[in-house]
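**Q** model this:
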Amino acid sequence: MRARRAAAAAFFLAVGPVALAESRGAEVAAWLTGTFEAKDPAADGGAVRIVIVSVPKSRIANGSPVLYREQAALPKLDEPSLQRFYRLEEVGEVVRLRAFDPKDPLIVRGKWRDPSALALYGASDVRERPGCELALKRVGARWEGGTPETTPQAACPSNLRNAVRMTSSVTLSKDELMQWDRGFDEKGKQRWGSREGGTTFVKRSASAPVDDALLERTVGRRPETAPTPAALTVTAPAAAQQGRVEERFSERASSSILLVYDGQRVEPGLERILLSALELAYADLVRDFGSGPVEKVVVVVYAERDFLAATHAPSWANGFFDGRVRVPARGITGVTPELLSVLRHEMTHSFVHFRAKGRAPTWLHEGLAQLEEGKTAAPVASALTGAYAARGTFSLSALEGGFTGFSASGARSGYAVSLAVAEMLRDTRGFGALAHFLDRLGEGGSVEEAMREELRADYPRLESDLADWLKRRAR
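**A** Sure, this is the predicted structure:
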């Protein structure tokens, strides 16, 4: 019960002014502004944080204020379970919070720190969720309401614990918030959420907490001889810089690729060369994965100076992925094997992200990306075998969340282990099993749950299999 009620244990955070003059909507926005904490988080299975920011000059505003909400369970704030835009509209005595979900949540993740970066996302970047909108009405000294009563087919969707739809009830006062979320299956049976009632939250602050910790976990390409990849993380200033840099960019599209480039700084004709190379890489990946992302893969090509400014990547980085493929245009005059290698690596992250809905562990991201480059673990098989014999573990579970905290040698080992385990799984289980693994992660399963179901292994078994496979390769 506590695990299920954890979905409701949250605190709301709204940042920035909402341009509603003396109105009902202004009051709702003001009361949501600040930080709320559950009165008794232990009784609700843990705390979940919800961040809501005002999005200035949003492309989906349509004359109304727009808020962005991001929800994640503590302490894993870099793995949000919900990301949603709300458009605040007044209809008579009711304040409606119309719901829009980003099509690619990874791109948006963590950008609440600099709301101006969120203004770049328009109607083509989101999907409206009518069943998830909140309708609030003033009742005495409180605002009450929730999701609309509708048919199961039109309700707010949920894939948590075999549920297919969810409902949410909200009671908001100046100093407290009550939220009650519940999930139901196709037969109307409640599958998650409290049966007794919602969770009450107390307003602790009228402003955002001071929190500069990284909320985005991005995956970048790092050459074998490069230093630790800590510089590949994307901060809020970098996200804002990306928006400023890309304001002047042009676009060129194919059936599967949207190429975004600086026509003033990138050599004329280069966009055609790159689009051709991207289509070749995309076709190869579709053959391996069986299908590609539903939406076009967005590839942003910068002049070298802008690439470093927009991504904060070090000078040795050949490419970068944060939901979009980002590459510098230095020295690109044709479709070379090195260019194809970089593009295949970065585009693989798009395919993995799409199949797993942003939930793939970093070791799988980086392992598959290196495989698609054409790399093999054979050159490091002996070294990895020796390291396993000395330590008795590859520490694979420690590679789920990225290598940013590792030393340079630790990061190199992480990439080597990632490549080895991906290659071993491909050789022993087949690429189809890896694709099913990604799909299961996308359905909401944990890494070990998906591993047991699709790979017939847990971490100890996987490491044992990897050690045996490496011994054979090292001979």
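
**Q** so, low pLDDT: which residues of the stretch 201-350 of the chain?
**A** For the stretch 201-350 of the chain, applying pLDDT under 70 flags the ranges 206-248, 265-266, 304-305, 313-317, 330-336.

**Q** tell me the centre residue of the protein?
**A** Geometric centre of the chain, nearest residue: Leu106, 2.7 Å, by Cα atoms, centre = their mean.

**Q** and it, what element?
**A** helix 105-108 (DSSP states H and E).

**Q** ok, the residue nearest to the centre of the chain touching Gly323?
**A** Yes - in this structure, Leu106 is within contact of Gly323 by Cβ atoms under 8 Å, at 3.8 Å. In short, each C-beta sits where N, CA and C put it, glycine included.

**Q** quick revisit: buried ones in the helix holding Leu106?
**A** Of the residues in helix 105-108, 105-108 count as buried by neighbour count, 16 or more other Cβ atoms under 10 Å.

**Q** okay, the residues you listed in TSV with pLDDT and distance to Gly444 next?
**A** Output for these, formatted as TSV (pLDDT from 0 to 100; distance: Cβ to Cβ, whole Å):
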residue	pLDDT	distance to Gly444
Pro105	81	14
Leu106	72	16
Ile107	71	20
Val108	79	19
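
**Q** next, the buried residues of stretch 251-269.
**A** 252, 256-262, 266.

**Q** do the same with stretch 436-452
**A** For stretch 436-452, using 16+ other Cβ under 10 Å, the buried residues are 436-438, 440-442, 444-445, 447, 450-451.

**Q** ok, now stretch 98-117?
**A** 98-102, 104-117.

**Q** swap in stretch 132-142?
**A** Buried positions in stretch 132-142, judged by neighbour count with 16+ other Cβ under 10 Å: 132-136, 138, 142.

**Q** okay, and which of the residues you listed map to strands?
**A** Mapping these onto strands (DSSP state E) picks out 134-136, 138, 142.

**Q** closest one of these to Leu368?
**A** Minimum distance to Leu368 across these is 38.8 Å, recorded for Leu134 (Cβ to Cβ).

**Q** which residues touch the closest residue to the closest one other than its chain neighbours?
**A** Leaving aside its sequence neighbours, Leu134 sits nearest to Leu97 (Cβ to Cβ, 6 or more residues apart in numbering; 4.2 Å). Listed by Cβ atoms under 8 Å, 6 or more residues apart in numbering, the contact partners of Leu97 are 67, 86-88, 133-136.

**Q** ok, Leu97 to Val66 distance?
**A** For Leu97, the distance to Val66 (Cβ to Cβ, to the nearest Å) stands at 10 Å.

**Q** which neighbours do these two share?
**A** Taking Cβ under 8 Å, 6+ apart as the contact rule, the neighbours common to Leu97 and Val66 are 86-88.

**Q** need those residues in CSV with pLDDT and secondary structure, can you?
**A** Output for those, formatted as CSV (pLDDT from 0 to 100; DSSP: H, G, I helix; E, B strand; the rest coil):
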residue, pLDDT, secondary structure
Tyr86, 91, strand
Arg87, 91, strand
Leu88, 89, strand
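
**Q** for the residues you listed, which one is nearest Lys375?
**A** Distance to Lys375, by Cβ to Cβ, is smallest for Tyr86 among those, at 43.9 Å.

**Q** quick one: contacts for the closest one?
**A** For Tyr86, the contact set (Cβ under 8 Å, 6+ apart) comprises 52, 66-69, 97-100, 133-134.

**Q** swap in 7 Å and give it another go.
**A** Residues in contact with Tyr86 (Cβ atoms under 7 Å, 6 or more residues apart in numbering) are 66-67, 69, 97-99.

**Q** picking that back up, CA atoms only: put the helix holding Leu106 into CSV for me.
**A** Included here for helix 105-108 are C-alpha records, laid out as CSV according to Å, rounded to 0.1, in the frame of the first residue of the first chain:
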residue,chain,number,x,y,z
PRO,A,105,10.3,14.1,-22.4
LEU,A,106,14.1,13.7,-22.3
ILE,A,107,14.6,16.9,-24.2
VAL,A,108,12.5,18.8,-21.7
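
**Q** quick one: contacts of that helix?
**A** Helix 105-108 is contacted from outside by 83, 102, 118, 121, 322-324, 353, 358, using Cβ under 7 Å, 6+ apart.

**Q** check these and tell me the two furthest apart.
**A** Farthest pair in those (Cβ to Cβ) is Leu118 and His353. Separation: 19.4 Å.

**Q** so which of the ones in strands among the buried residues of stretch 132-142 comes closest to Arg191?
**A** Of all those, Leu134 has the smallest distance to Arg191: 21.3 Å, by Cβ to Cβ.

**Q** determine which two of the buried residues of stretch 251-269 are furthest apart.
**A** Within those, Ser256 and Asp262 form the most distant pair, 21.9 Å apart (Cβ to Cβ).
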